[in-house]
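Trainee: Got a predicted structure plus its sequence, pasted below:
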Amino acid sequence: MREFRTVLVAWVVILCGFWVVSVAGEDDGWGEWEREAPTKRFILTLQQAERTIACMKSVVMVVNGTYVGPTLEVDEGDNVEVLVLNKMNNLGATIHFHGLSQRGTPWADGTAYVSQCPIPPLSRFTYRFNADKAGTFWYHGHQLLSFTSGYGSFIVHPKEKKYDYDEDAGVVAFGNQYMESVQGLIVGLKSNPFAFPGNPQALLANGKGLFNCTAFSECLTCTFGDDCRHEVMYLEPDTKYLLRFTNAGILSFLTLGIQGIPMKVVQTNTGTLKPFKTDFLDLGNGQSYSVVIKTPKERGHYWLQAVMRFRENEGIIPARVLLDTTTSQNYPKETPSVEGFPSTDDVQFSRKFMNKLKSNNTANLNPEYDQLWTLVSSQTKYLNSVKWSLNNYTFQFPGTPALLANQYGVDLRHVSVSEPEMPYDYFTPLAEQGLSEFSNLGGTRFSPKAAACLSAQISRRGVDSVLNATSVPHSRLLTQHILACTITTELNMLTAEYGQRVRVVLQNGLNFQDESEAHPFHMHGGDYWVLGPEMPYDYFTPLAEQGLSEFSNLELNMLTAEYGQRVRVVLQNGLNFQDESEAHPFHMHGGDYWVLGRGQGIFDPEKDMEKLNFENPPLQSTTSVLPFGWTVIEFLADNPGFWLLHCHIGLHSAMGMGLVIAIAPEMIPDIPGNHHICGEVTVNKVLKRNNCEARRPIIHLE
């Protein structure tokens, strides 16, 4: 039906003068860069098919007929055109180009219900963008768990060779394979009662791996063959290779090593690093790294192995790649052990590895920032289903993509968690700011829903962090008030209409001794939710034990940043319902960020902020928050658009662990005319915005 709506738009537009139809010709989706650059064109065909993966027959999404799609290779600066044909009969789809900034082309990001409507079944869509930076990227579906299969690598070769190597060996893309279908996994995550699928039955390398028959009750016959074996790469001895790794798995955090061959880590997905050698490399979900290896002079078999960590991995066969430098091409009968690998819960190894990541370029950062956001990840409940949340809000994709809603005037009914405006400096005496020390008598109207006491500890942590922490998003919030705790008299009154949700930031100030006091606020007529201050609870003690609700709000979470702002984000880990803290790899669409630092426990802005790396932090689009720890990132808001920030463990993302960052929405250019419409963006809205009226009534198709 959505496809029909798209056709109807074109037909009605033809009736009123071809105006919108010509949009595709006038604005073809390329953006504002130099269009004279070479254009590389590709076609990706999405289908459902039965394949034998890791000895298991499964119905999966394939790209151009294969479980792992073709590697797309372009040169830095090329224009790219990717025609996606959705030949699935019953599923919509999108393709996200993971790690590419989509600068100037936010509509090509490929995130369902954020940057575009899904491509309807038996329809097509063309992505056009510029490959403005070199690196190792990948593409995958971005509608719930659609990237379980059907992903592929996307390599942007630099204009000049950056590293010392002889040959580019290509990409090893690691993945997860479940016996259950993607649709079955989604049903379990959304069912009542909740059903988590647990660990994958197999770890894959380039779509190949082995299923451990003895570890599961559903025993399958595991025999070697083209569809039931480890991946093999044929290399030459005594040769330096550039080898690229990507973790496309929907659950498994991996650590990998090569038998008898050290790795020199040289690049994140796009950021060049100060090279360092290591025997083991951490690869969080969604991450990519490039390493240089040198094969031994002696011909032989050398195993690359990847093990799952931070989860119980008993019975899971490691993902393996045989690096074969012989001429016999005989597959060895025995595989090596993983003795010597970091243990499953060795957080210390991971922290040391990640702390070695230093940019090869000076970032010229400083401790100053424009906005500070603190995002706390925790497992919560919604109705009888288990969810993941950020600041107790579980992400719900809107029915109308944010990008389309912005252009066509659809109210997403969101609030920003940016810092509210400060009318004055609350911790400088009023007289010193030229402000009156006298209060007004009455006249202010009071809301029947207030917020909690903001204690004098604000003077210790600073106003910026507290203001940010109290600004937790809620899509049905209609009014926000900032109340300074200064001395007032008489009757102050605020009003609220029936059913409104009102957020109140209780901001402390000074007494005439230039001190800040604690003020316990009580509200008559009902209870209120406590959304701040910065540490409203102990993140590592179960919520129920602290008398706090385990239930989250199911909403569209959205943060906003103005163009050119520097936004610093504290990613603070919390607990799941097993009182455990998990590793969470956070991926940001629309560009990279600097990883300023990480640590264990609860982030203390007074002590930890000064320890951050402002000189040469690594540039990444995905980084991990380790169990019981925190990670601080910073980005420059210079790419207008609506960009998803989410945990790249697919199961966690599907359970609501994410939010949208809106960067300078007023600066987003018009969307090209080749987009599908859905949700509240109707044919009439498109025509009205383009000042074009239909000459006959348009059927409302919902």
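Mentor: Arrived safely, thanks for sending.
Trainee: make it CA atoms for all contacts and neighbour counts henceforth
Mentor: Fine.
Trainee: Quick check: residue 571 is in a strand.
Mentor: Yes - under DSSP: H, G, I helix; E, B strand; the rest coil, residue 571 sits within a strand.
Trainee: Run the chain-centre distance for the longest strand along the chain.
Mentor: Secondary structure of the chain per DSSP state E: the longest strand is strand 39-53. Averaging C-alpha positions (CA atoms, centre = their mean, to the nearest Å) puts strand 39-53 24 Å from its chain's average.
Trainee: who does that strand pair up with?
Mentor: strand 56-63 (antiparallel), strand 79-86 (parallel) (DSSP bridges).
Trainee: want to throw those into a markdown table with distance to residue 273 and mean pLDDT?
Mentor: Putting the strands paired with strand 39-53 into a markdown table (distance: least, CA to CA, whole Å; pLDDT from 0 to 100) gives the following:
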| stretch | distance to residue 273 | mean pLDDT |
| --- | --- | --- |
| strand 56-63 | 32 | 90 |
| strand 79-86 | 26 | 97 |
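Trainee: and of these, who's closest to residue 601?
Mentor: Proximity to residue 601 (CA to CA) singles out strand 56-63 among those, at 40.3 Å.
Trainee: Can you name the next helix or strand after the closest one?
Mentor: For strand 56-63, the following helix or strand on the C-terminal side (DSSP states H and E) is strand 72-75.
Trainee: that older thread, out of the strands paired with strand 39-53, the one nearest residue 627 is which?
Mentor: That would be, of the strands paired with strand 39-53 and by CA to CA, strand 56-63, which comes in at 31.9 Å.
Trainee: Low-confidence stretches in the stretch 1-150 of the chain?
Mentor: 1-36 (pLDDT under 70).
Trainee: now swap in the chain and tell me
Mentor: For the chain (pLDDT under 70), the answer is 1-36, 213-227, 413-492, 501, 503, 505, 529-555, 692-702.
Trainee: For it, which segments are assigned as helices?
Mentor: Ranges of helices in the chain, per DSSP state H, are 2-15, 21-26, 182-190, 347-355, 402-408, 458-461, 463-469, 605-608, 650-654, 683-689.
Trainee: Excluding chain neighbours, give the residue nearest to residue 278 in space.
Mentor: Using CA to CA, 6 or more residues apart in numbering and skipping residues adjacent in sequence, the residue nearest residue 278 is residue 263, 5.4 Å away.
Trainee: Spit out the contact partners of residue 639.
Mentor: Listed by CA atoms under 8 Å, 6 or more residues apart in numbering, the contact set of residue 639 reads 103-104, 563, 590-591, 663-664.
Trainee: the strands in the stretch 101-250 of the chain, which residues?
Mentor: Ranges of strands in the stretch 101-250 of the chain, per DSSP state E, counting those that start in this stretch, are 123-130, 135-140, 152-157, 167-177, 202-205, 231-234, 240-247.
Trainee: ok, now the stretch 551-700 of the chain?
Mentor: 553-555, 558-561, 566-572, 584-588, 593-600, 619-620, 622-625, 629-636, 641-647, 658-663.
Trainee: Which one, of the ones you listed, ends up nearest to residue 198?
Mentor: Per CA to CA, nearest to residue 198 of the strands of the stretch 551-700 of the chain: strand 584-588, 16.0 Å.
Trainee: now for the closest one, which elements pack on it?
Mentor: strand 622-625, strand 641-647 (3 or more CA pairs under 8 Å, 6 or more residues apart in numbering; DSSP states H and E).
Trainee: Using CSV, please lay out those strands together with mean neighbour count.
Mentor: Listed next are those as CSV, based on neighbours: other CA atoms under 10 Å:
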stretch, mean neighbour count
strand 622-625, 27
strand 641-647, 26
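Trainee: Could you provide those in JSON lines, with additional columns for distance to residue 676?
Mentor: Converted to JSON lines, the helices and strands packed on strand 584-588 look like this (distance: least, CA to CA, whole Å):
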{"stretch": "strand 622-625", "distance to residue 676": "29"}
{"stretch": "strand 641-647", "distance to residue 676": "17"}
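Trainee: Quick one: closest of those to residue 372.
Mentor: strand 641-647 (15.3 Å).
Trainee: That closest one - contacts with which helices or strands?
Mentor: Helices and strands touching strand 641-647, by 3+ CA pairs under 8 Å, 6+ apart, are helix 402-408, strand 584-588, strand 658-663.
Trainee: closest one to residue 339 among these?
Mentor: With CA to CA as the measure, strand 584-588 is the member of those nearest residue 339 (25.5 Å).
Trainee: List the strands paired with the closest one, with their directions.
Mentor: According to DSSP bridges, strand 584-588 has these partners: strand 622-625 (antiparallel), strand 641-647 (antiparallel).
Trainee: buried sites along it?
Mentor: By 16 or more other CA atoms under 10 Å, the buried positions in strand 584-588 come out as 584-588.
Trainee: Next, find the distance separating residue 362 from residue 272.
Mentor: Applying CA to CA, to the nearest Å, the value for residue 362 to residue 272 is 11 Å.
Trainee: ok, which stretches of the stretch 301-450 of the chain are strands?
Mentor: Counting by DSSP E, counting those that start in this stretch, the stretch 301-450 of the chain has strands at residues 301-309, 319-324, 371-382, 385-390, 393-395.
Trainee: Give the other helices and strands that the first one contacts.
Mentor: What that stands for is strand 301-309. Here strand 301-309 touches strand 253-258, strand 319-324, going by 3+ CA pairs under 8 Å, 6+ apart.
Trainee: now residue 402: how far from residue 660?
Mentor: Taking CA to CA, one finds residue 402 at 9 Å from residue 660.
Trainee: quick one: which of the two has more around it?
Mentor: residue 402 (28 against 23; other CA atoms under 10 Å).
Trainee: Pull the number of nearby residues for the residue lying closest to residue 636 once chain neighbours are set aside.
Mentor: With CA to CA, 6+ apart as the criterion, residue 636 has its nearest non-adjacent residue at 4.7 Å, and that residue is residue 566. Around residue 566 there are 19 other residues, counting by other CA under 10 Å.
Trainee: Residue 566 contacts residue 370, doesn't it?
Mentor: Yes - counting by CA atoms under 8 Å, residue 566 does reach residue 370; the two are 5.2 Å apart.
Trainee: pretty sure residue 120 is touching residue 93, no?
Mentor: Yes - the criterion here is CA under 8 Å, and residue 120 meets it with residue 93 at 6.9 Å.
Trainee: Please enumerate the shared neighbours of those two.
Mentor: In contact with both residue 120 and residue 93: residue 86, using CA under 8 Å, 6+ apart.
Trainee: what about the two, which has more around it?
Mentor: residue 93 (28 against 23).
Trainee: got a list of what the more buried one touches?
Mentor: Here residue 93 is in contact with 86, 112, 118-121, 141-143, 146 (CA under 8 Å, 6+ apart).
Trainee: so can I have TSV of these showing distance to residue 622?
Mentor: Putting the contacts of residue 93 into TSV (distance: CA to CA, whole Å) gives the following:
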residue	distance to residue 622
86	28
112	19
118	24
119	26
120	29
121	31
141	17
142	16
143	19
146	19
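Trainee: Spatially, which two of the residues you listed are the most separated?
Mentor: Distances among the contacts of residue 93 were taken as CA to CA; the most separated pair is 121 and 142, at 15.0 Å.
Trainee: Let me have the strands of the stretch 101-250 of the chain in TSV, extended by mean neighbour count.
Mentor: Converted to TSV, these look like this (neighbours: other CA under 10 Å):
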stretch	mean neighbour count
strand 123-130	22
strand 135-140	26
strand 152-157	22
strand 167-177	21
strand 202-205	27
strand 231-234	16
strand 240-247	23
